[in-house]
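[1] Any chance you can model this:
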Amino acid sequence: MADFLLRSVLIGAGATALMDLWAILLNRVFGLALPNWALVGRWFWHLPRGAVFHDDIAAAPPYAHELALGWIAHYAIGILYAAVLLVVAGPGWAAHPTFLPAWIVGLVTVGAGWFLLQPGMGAGWAASRRPNANQIRILNIVAHTVFAVGLYGSALALRAAA
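    Alright, predicted model coming up:
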């Protein structure tokens with residue numbers, strides 16, 4: 001069990017970090033906005049208070065530590081997705097990683113953003129309330145593909161280090 005948890009943490013954190021580097025690259029090269037993890041933290045803060053869907057998360061009452069909560073949630077979810085990959089792909093995947101299972105998990109996880117996070121924060125289903133919804137959708141798919149590359153690459157690095 002400890003081995004499974006360690007692999008989940010290392011693979012998930014590595015994949016999430018690669019996705020963050022991708023966001024920084026897009027910001028520096030194309031001027032795209034970086035993710036606002038403070039608003040994500042605010043959304044998470046309101047969940048246990050029964051507020052899943054907001055018209056505009058920026059208008060919701062703030063939480064003093066929402067930026068930290070947003071970053072923690074971001075990495076915790078990446079670790080959770082890595083754990084799901086390890087369970088679904090089976091124990092042999094970490095010993096002999098292949099890209100396809102990682103990519104499938106990466107693409108499936110787009111749905112959590114489209115059908116929970118984005119409507120929860122006021123962007124609508126799959127960002128439908130945003131004027132650039134199609135651009136956001138494409139960027140979501142690409143970012144989660146980068147996350148999948150990170151899952152695969154982190155698993156390869158972990159195997160090589162063992």
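[2] now the helices for this structure?
    With DSSP state H as the criterion, the chain has helices at 2-30, 37-46, 66-89, 91-95, 99-112, 118-121, 133-161.
[3] how about those in TSV, adding mean pLDDT and mean neighbour count?
    No exception for glycine: its C-beta is placed from N, CA and C like everyone else's. Shown next, in TSV, are those (pLDDT from 0 to 100; neighbours: other C-beta atoms under 10 Å):
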stretch	mean pLDDT	mean neighbour count
helix 2-30	97	16
helix 37-46	98	21
helix 66-89	98	19
helix 91-95	91	14
helix 99-112	97	17
helix 118-121	98	20
helix 133-161	97	18
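[4] would CSV of those with distance to residue 52 be doable?
    Shown next, in CSV, are the helices of the chain (distance: least, C-beta to C-beta, whole Å):
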stretch, distance to residue 52
helix 2-30, 23
helix 37-46, 8
helix 66-89, 14
helix 91-95, 33
helix 99-112, 13
helix 118-121, 5
helix 133-161, 20
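[5] Could you work out which of the ones you listed reaches nearest to residue 57?
    helix 118-121 (4.1 Å; C-beta to C-beta).
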